[in-house]
Structures are given as C-alpha cells and as structure tokens.
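In: following is a predicted model, sequence given first.
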Amino acid sequence: MREEWVKKDITVIGGGLSGVCAAIAAARLGQTVALIQNRPVLGGNSSSEVRVWVCGATAHGINRYARETGIMGELFVENQYQNPDGNPYLWDLIVLEAVRAEANIQLFLNTDVHEVEADGDENNRIIRSVTGWMMGSERRIQFESAVFLDCTGDGQIGFLAGAKFRIGREAREEFQEEWAPEIADDITLGSTILFYTKDVGHPVKYHPPSFAKDITTTSIPIKRVIRSGDSGCHYWWIEWGGELDTVHENERIRDELWSVIYGIWDFIKNSGQFDSANMTLEWVGALPGKREYRRFIGDYMLNQNDILAQTRFEDTVAFGGWSIDLHPPQGMYSIESGSKHLHADGIYHIPFRSLYSVNVSNMLMAGRNISASHVAFGTTRVMATCAVIGEAAGTGAALCVQKQVTPRELYQKHNKELQQVLLRQDAALIGIRNEDEHDLGRLARLKASSSLTQLSVSHAVEPRRLIDDVAVLFPVEPQLKGFELLVDVSEATTIQVELWDTGRAENYVPKVVIQQTERAANAGEQQWISFPLDWEPDETQNAFVIIKANEHVVVYHSDQQHTGTIAFVRGTKPIVDPKLENHQPDQPVVQWSMKNGVDRKPICFRLTSETKAFSVEKVTNGYLRPYGAPHQWMSEPMSPAKEEWLELQWDEAQNLRYLQVTFNDNVHEDLINLHAFRTSDEVRPELVKDYRLEAWVDGDWAVVQRVTNNRKRTRRLQLEAAIKTDRLRLVVEATNGCPCAEVVEVRVYG
C-alpha cells in the first residue's frame with residue numbers, strides 16, 4: 001500500500017455534475033483543485049453507469065428561456081454537437097474532457113473518501129483533511145486544503161466532519177409548507193435503476209432469473225405505464241426505498257429494483273400483451289440512482305414558499321425551474337401517481353447562504369445535499385440545477401481562497417463581487433446586471449451596420465384551427481402600436497384578442513390584462529387582420545397576446561424561429577399520463593404549454609410600429625439572458641454581399657488585453673444529454689459561425705482574431721500584448737443558420 005499526501009487550494013469530493021462544475025469553476029479562477037470521485041467515470045447519476053437524463057430549469061420545455069448557461073450550458077451545447085444521438089458513453093467523454101481541459105484540476109477516480117479530520121466545537125468545526133482509498137491501486141491518499149466542497153450527494157464528508165444536517169421530511173408548521181406532512185418523519189425519495197432495450201431484428205427469447213418478481217401480483221401493471229418500446233428514463237418510476245435508509249439499505253434496495261426490472265421485462269416479453277418478439281435487454285444498471293439522503297443546514301434553508309413566490313434573494317447565485325416533484329414513499333408499489341408536481345410561474349432563485357455549512361466554517365456543498373427543506377429539495381435535486389449550484393459553490397470557494405475568508409464572510413463582505421464574477425463566467429444568474437467597473441465595454445459608445453426594427457413572422461407553412469386559445473409573446477420597446485395576425489376565415493366572424501403583461505421579468509405567462517379588443521373578419525384566406533393594441537410600458541417588457549378560440553378562424557405557424565417570439569397553446573388536459581405524473585393543469589405554465597408542437601413554430605404575426613428591442617446598445621446593457629426582453633443585438637437579415645458588424649468607440653484610446661464575446665445560443669431550446677427527444681440542429685442556428693474582431697490601429701482596421709466554425713456561446717481572447725485603440729469592431733461573416741447576426745454581450749478589459 002502506498003501512502004500519499006496531496007495539498008491543493010480546494011478539494012472537491014464527488015464527481016457528479018455538481019462536483020465537476022464546482023471544480024472547473026474554481027480552476028478557471030486560478031485555484032488548484034483536487035477532484036475526487038469514487039467511481040471510474042464522472043457524471044454521477046448522469047453517467048453511463050446510471051443513465052439518468054440531465055433535467056433542469058426548462059422542465060422539459062415547460063419553462064421558457066430557462067436552459068442553463070455557464071459550465072452546464074457548455075456541456076449541453078457540446079454534447080449536442082458531439083453526441084446528437086445521446087450515447088451515454090460519449091456523454092461520459094464530454095464530461096471527462098471538460099475536466100481534463102483544466103490544468104489546475106488533478107482528478108482522482110476510483111477514490112473513496114472515508115476519513116475526515118476535523119476539529120472545533122459543534123458550532124464551529126473546521127475540516128483539516130480528508131483521506132481516500134484508491135480502489136485497484138492500493139493508494140491511500142490524504143488531501144489537505146483551505147476549502148472543501150461536499151458534492152457527494154449523500155453528504156458523507158459533511159457528516160464525518162460534524163456538519164449539521166437533516167434526513168426526511170420537515171413538519172408543515174416549520175416553514176408553513178403546504179406540501180409538507182403534519183408531523184416530521186424520516187421518509188425520503190427512493191432510488192431507481194434503469195434499463196435499456198433493443199430491437200435486434202429477429203426473435204429473442206427471455207427466461208427470467210429466479211429472483212424476478214411476478215409484477216402481476218403487484219399494482220404496477222395497473223398504476224404505472226408499461227410499453228414495449230420504452231427504456232431508459234421512461235422508467236424513472238421504478239423507484240423504491242423511500243421508507244428505508246437509502247444509504248445503509250442500498251444493497252437491499254438494489255436487489256428489489258433488479259427483481260422488478262427483470263419482472264417487468266418478463267411481463268413485456270412473455271405475457272402476450274406486447275409487440276416485443278424481436279426485442280432484447282441491452283443494458284441493466286447495477287447502481288441505484290439515489291434521489292435523497294442528507295441535506296445540510298446552511299445559513300438559509302430554501303423552502304416551498306421561496307420556490308412558489310420566486311423569492312429574489314440579495315445573494316442569488318443560481319436559478320432552478322424544475323417543478324417541486326415529490327414521489328410517494330412506496331415508490332413503484334404505490335397506488336398513487338408516480339410523482340406530483342407543483343410549478344412556480346417561472347424560474348426561482350437560489351441563495352449562496354444555502355451553499356455553505358452553518359457550523360463547518362470551510363465547507364461548501366453543492367448538489368442534492370444543499371440547505372433546502374424536503375419540499376424545496378423536490379426541485380433543486382435535478383442534475384442541471386445541481387450543476388449550476390456547483391458552479392456557484394466552486395466560484396465562491398475560489399474567492400474564499402483568494403481573499404482568505406470563510407464562505408459566510410464572503411457572503412457578508414463580498415456578495416456583489418461573487419455575483420459579478422459569476423456573470424463574467426456566463427453562469428446561470430437571472431435579473432443581475434453586469435456592473436464590473438473594469439469592463440471597458442460599459443464605457444463605450446456603440447453603433448452597428450444595422451439593427452432589426454420590424455418584428456414580423458410571416459413565412460406561413462402550417463395552419464392551426466383555433467379550437468383552443470393560442471398566444472404569442474414578443475418584446476415591447478418603447479411601445480406597441482398595432483398588432484396584425486395572419487388568418488384564414490371560413491365565415492364572417494369576430495376575432496377577439498387580449499393583451500397581457502407577464503408580471504415578472506423572468507416569467508412567460510399572462511399575469512395582468514392590459515387591453516381587450518376585437519375585429520370583424522370576413523371570409524377569406526391568408527388575410528392580415530389588424531388589431532388596435534396600444535401599450536407603452538414604463539420599461540421594456542414582454543407582451544403576451546392571447547387570440548381567443550374561434551372555430552371559424554385558422555392561424556398559421558411558421559417554420560422560421562424568431563428570437564424573442566414564442567407561440568403558446570392553452571390546454572386543459574395533463575401533459576402526461578396521470579398514472580405517471582400529476583401536473584395539476586390549472587397551473588399557468590402547464591396551461592400555456594409549448595409542448596403541443598409549437599415550441600419551434602411561432603405563429604405568424606407582425607407589429608405595425610418599430611421596435612428598439614434588438615438595438616446594438618443591448619450588448620453592454622448588463623444582462624446576459626432574456627429578462628423581460630431578449631437583451632441582445634440583432635441585425636437586419638444578412639446578405640452575401642454585406643457583412644454585419646457592431647462597433648465600440650471610446651473618447652480616448654484604451655489598452656485592450658482581454659476580449660469576451662457572448663453569442664445567442666437560444667436558451668429557449670430545451671437540450672438534454674441522453675435525448676429523451678432528438679433535437680435536429682447539432683449547432684444552434686442562432687450562434688454566429690464565422691466572425692472577426694478588429695481594432696482601429698494607425699488609421700485602418702487590423703484583425704485581432706478571426707474564428708470560423710464557431711459553435712460556442714462565449715468566446716474569450718487573452719492577448720499576448722496590449723492593443724491601444726479607441727475603436728473595436730466585431731464583424732459577423734456568417735451564422736449557423738439564422739438569417740440575422742445575434743450578439744448578447746461584448747466585454748473588454750485592459
């Protein structure tokens with residue numbers, strides 16, 4: 001056995017997506033990081049060993065403009081390019097390559113940390129070191145750092161260090177949570193094992209193992225959806241163990257899940273009820289994917305009311321958007337739906353105070369073990385949200401090392417700086433502006449070759465009869481003066497429309513009605529009907545225009561997406577089989593769904609007044625994501641004979657050393673790692689493909705950088721030597737498919 005000692009600025013224990021993003025974030029800020037994972041692959045529950053889809057704030061398309069940016073966003077976009085078919089082994093490589101790209105990270109796979117050296121009284125503990133055993137290598141490694149991150153999921157490190165934690169459900173009265181039980185208990189969400197199937201093109205027989213459960217003796221065939229073509233996360237409901245200790249009974253839980261999987265496959269193959277003759281089991285997981293165990297106590301405990309009220313915290317460092325998603329304690333044997341869901345009206349905010357321990361002064365946590373009540377945990381637990389929490393925690397850890405402060409002191413004294421550093425990294429923050437005093441771009445005057453001023457979607461390809469209400473959303477700046485809709489009318493009728501605001505800038509549902517109007521329409525095809533909508537809001541915000549159901553009217557969908565515009569259809573039915581999920585369809589984000597084939601098909605409309613929503617000034621207005629409006633520059637449609645550009649000018653020459661450009665990668669588009677659905681574009685069409693950065697030097701434009709075949713949202717350029725100039729220009733030569741050049745932000749540093 002070899003004894004080793006490793007000293008790093010930061011030690012991250014846990015190589016799931018929260019740990020990976022924490023390690024990368026800290027490393028990019030210049031800190032040395034040990035990343036420790038007790039499995040041979042990274043990715044945790046998303047890895048090829050478990051194969052859970054990486055879900056997040058989009059909630060599979062329920063929330064709008066909600067896909068994560070920052071490191072998790074990079075992984076999503078790169079996986080879409082490298083792995084469009086969702087191969088789980090290629091996903092492993094995407095995550096591994098992201099870690100290996102950071103020279104400041106030393107990775108320790110197959111290393112199980114089981115010893116923690118910590119001291120201090122119960123209210124003021126400090127971790128000195130952790131020790132792990134590298135399986136298969138006979139190496140016992142001790143890790144010493146100033147800051148430790150528990151990203152283990154189960155919270156093993158904090159537990160061994162004496163961190164305060166909870167297991168189970170809080171009583172309703174503690175946080176006045178409607179979904180909490182009357183009396184606190186130790187019930188958690190259960191664990192799941194998944195399986196994959198394959199059609200091999202010839203008959204395949206199946207003899208179940210002796211331990212396979214006869215599921216016809218259970219409620220499973222009655223209360224759960226079983227289909228021969230489903231596999232992977234379609235069977236997320238194969239869940240059990242919520243009434244047990246999900247850590248200490250892990251082996252028992254695994255055996256029970258295995259018995260049900262092989263029993264389900266016996267039912268599919270041998271009951272005669274399914275078209276499955278040519279199907280075989282391709283893969284069955286060996287590790288239970290755990291949902292819940294310890295949750296540490298921080299300086300703030302996020303709760304149900306924060307989620308539903310979308311509380312805006314002064315120390316917001318991340319966001320989520322998955323529903324509060326709780327499962328019955330009996331899991332797959334329950335006679336209830338497999339899950340019940342409670343949605344906010346949009347994304348919610350996560351405070352930094354929930355990411356560090358209340359009593360272990362140098363420990364942060366990220367993932368499903370953060371400081372949240374059981375009910376709030378029902379949404380924060382999904383992996384893309386865990387990942388953005390990881391980036392925030394890793395960034396906080398790096399600043400703690402740099403400033404030699406505790407996480408609590410970082411919150412108390414450097415909260416705004418933490419947020420600004422996260423913004424510079426393009427992390428998942430909503431509603432916070434860039435206020436970086438070192439960003440010279442904020443001081444520049446801007447001009448552009450052109451800016452889109454006419455908002456119009458007119459390429460009609462697919463008719464939709466108005467049997468339900470439909471709606472369109474678009475930004476209003478400075479005012480709305482007239483709205484036109486493309487329709488067919490089968491007989492003379494009156495078309496009614498309503499103009500609503502969305503209440504909050506981060507929401508995309510109707511909140512307050514502004515105006516109602518109607519217009520008479522005669523029979524005819526492809527008519528533009530004009531409605532006298534008139535609105536001048538105090539600040540730029542989205543309009544939500546509802547076109548009321550009318551069986552005599554047909555509207556049109558376009559096949560050309562337009563940034564800033566979304567189509568909706570109002571539905572009254574649950575969006576999935578109620579045996580699986582209860583989504584309570586009276587919730588606004590469920591009522592106004594994009595899932596009925598309209599998410600990529602805007603409804604044809606046009607505005608009669610000009611818009612300034614896409615002016616070039618947006619690239620330095622401080623917002624990196626849609627927030628009440630798109631917040632980006634968009635040119636007029638490009639032509640082969642004319643390049644589009646934007647220019648920054650200063651009154652005095654500046655010494656430029658670092659340039660950062662963020663392009664639009666359409667965070668409205670829901671991406672997923674293992675592809676519950678296949679997204680057609682391997683590179684987001686909105687992304688700029690070829691561009692030049694030019695500086696005005698000695699009376700002419702000098703090319704500073706030229707990039708071709710770009711597929712990334714944020715591009716950074718550190719110059720070897722400073723360039724002195726009073727003008728900088730970004731020239732867009734081509735996009736990845738969209739007709740206009742689209743740029744979210746330009747940052748410039750000396």
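Out: Happy to help now that I have it.

In: so which helix or strand takes in the closest residue to K403 other than its chain neighbours?
Out: Once its chain neighbours are removed from consideration, K403 has its nearest residue in H414; the separation is 6.5 Å (Cβ to Cβ, 6 or more residues apart in numbering). Backbone N, C-alpha and C define where each C-beta goes, glycine included. With secondary structure defined by DSSP states H and E, H414 is part of helix 407-424.

In: re the thing from before, is it true that the residue nearest to K403 touches T406?
Out: No. Counting by Cβ atoms under 8 Å, T406 is not a contact partner of H414; they are 11.1 Å apart.

In: pLDDT below threshold where in this protein?
Out: Under the criterion of pLDDT under 70, the regions of the chain flagged as low confidence span 572-585, 595-597, 675-677.

In: longest strand in it, please.
Out: When every strand of the chain is counted residue by residue (DSSP state E), the longest turns out to be strand 714-735.

In: that strand vs helix 407-424, what angle?
Out: Regarding strand 714-735 and helix 407-424, their directions subtend 20 degrees when assessed with axes from the mean of the first three to the mean of the last three Cα atoms, to 10 degrees.

In: what packs against strand 714-735?
Out: Using 3 or more Cβ pairs under 8 Å, 6 or more residues apart in numbering; DSSP states H and E as the contact definition, the elements that strand 714-735 packs against are strand 644-663, strand 688-697, strand 700-707, strand 742-749.

In: so the last one versus strand 714-735, what angle?
Out: Between the direction of strand 742-749 and that of strand 714-735, the angle (the same axes, to 10 degrees) works out to 140 degrees.

In: re the thing from before, partner strands of the longest strand of the chain, parallel or antiparallel?
Out: Each strand that strand 714-735 pairs with, and the sense of that pairing, follows from DSSP bridges: strand 644-663 (antiparallel), strand 688-697 (antiparallel).

In: dump these into JSON lines; add mean neighbour count and distance to E536 as well.
Out: Putting those into JSON lines (neighbours: other Cβ atoms under 10 Å; distance: least, Cβ to Cβ, whole Å) gives the following:
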{"stretch": "strand 644-663", "mean neighbour count": "19", "distance to E536": "27"}
{"stretch": "strand 688-697", "mean neighbour count": "20", "distance to E536": "33"}
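
In: as TSV, those with distance to F531 would be great.
Out: Output for those, formatted as TSV (distance: least, Cβ to Cβ, whole Å):
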stretch	distance to F531
strand 644-663	32
strand 688-697	35
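
In: quick one: contacts for N550?
Out: By Cβ atoms under 8 Å, 6 or more residues apart in numbering, the contact list for N550 reads L466, T493, T494, I495, Q496.

In: ramachandran coordinates for the last one?
Out: Taking degrees, to the nearest 10, you get phi -110, psi 140 for the backbone angles of Q496.

In: correct me, but it touches K548?
Out: Yes. Q496 sits in contact with K548 when judged by Cβ under 8 Å, with a separation of 4.1 Å.

In: what segments of the stretch 201-350 of the chain are strands?
Out: Secondary structure of the stretch 201-350 of the chain by DSSP state E, counting those that start in this stretch: the strands cover 239-240, 279-284, 295-296, 316-320, 324-326, 339-342, 348-351.

In: for the last one, which strands pair with it and how are they oriented?
Out: With DSSP bridges as the test, strand 348-351 is paired with strand 316-320 (antiparallel).

In: also the fifth one?
Out: Based on DSSP bridges, the pairing partners of strand 324-326 within the sheet are strand 339-342 (antiparallel).

In: distance from the strand it pairs with to the middle of the chain?
Out: 19 Å (Cα atoms, centre = their mean, to the nearest Å).

In: returning to what we had before: how far off centre is the helix holding H414?
Out: On the basis of Cα atoms, centre = their mean, helix 407-424 sits 22 Å off its chain's mean C-alpha point.

In: could the C-alpha coordinates of that helix be exported in PDB?
Out: Listed in PDB are the C-alpha atoms of helix 407-424, where the atom choice follows Å, rounded to 0.1, in the frame of the first residue of the first chain:
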ATOM      1  CA  PRO A 407     -17.900  31.300   2.900                       C
ATOM      2  CA  ARG A 408     -20.000  33.200   5.500                       C
ATOM      3  CA  GLU A 409     -17.600  36.100   5.400                       C
ATOM      4  CA  LEU A 410     -17.700  36.000   1.600                       C
ATOM      5  CA  TYR A 411     -21.500  36.500   1.700                       C
ATOM      6  CA  GLN A 412     -21.300  39.200   4.300                       C
ATOM      7  CA  LYS A 413     -18.500  41.300   2.700                       C
ATOM      8  CA  HIS A 414     -18.100  40.300  -0.900                       C
ATOM      9  CA  ASN A 415     -21.600  39.200  -2.100                       C
ATOM     10  CA  LYS A 416     -21.800  41.600  -5.000                       C
ATOM     11  CA  GLU A 417     -18.300  40.600  -6.200                       C
ATOM     12  CA  LEU A 418     -19.300  37.000  -6.200                       C
ATOM     13  CA  GLN A 419     -22.300  37.700  -8.400                       C
ATOM     14  CA  GLN A 420     -20.200  39.800 -10.800                       C
ATOM     15  CA  VAL A 421     -17.600  37.000 -11.100                       C
ATOM     16  CA  LEU A 422     -20.400  34.500 -11.800                       C
ATOM     17  CA  LEU A 423     -21.800  36.900 -14.500                       C
ATOM     18  CA  ARG A 424     -18.400  37.200 -16.100                       C
END
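
In: which outside residues touch that helix?
Out: Residues from elsewhere that reach helix 407-424, judged by Cβ under 8 Å, 6+ apart: 29, 70, 147, 299, 314-317, 352-353, 355-356, 361-364, 391-392, 395-397, 399-400, 403, 405, 429, 432-436, 624, 660, 747.

In: in ChimeraX, select just the buried ones from those residues.
Out: For the buried members of those, the matching ChimeraX selection, counting by 16 or more other Cβ atoms under 10 Å, is:
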select :29,70,147,299,315,316,317,352,353,355,356,361,362,363,364,391,392,395,396,397,399,400,429,432,433,434,436,624,660,747
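
In: for F76, give me its contacts.
Out: Taking Cβ under 8 Å, 6+ apart, one finds V54, R67, E68, A384, L671, I672, N673 in contact with F76.

In: a strand runs through it, doesn't it?
Out: No. Residue assignment for F76, taken from DSSP: H, G, I helix; E, B strand; the rest coil, gives helix, which places it outside any strand.

In: can you give me the end-to-end distance of stretch 453-467?
Out: 33 Å (Cα to Cα, to the nearest Å).
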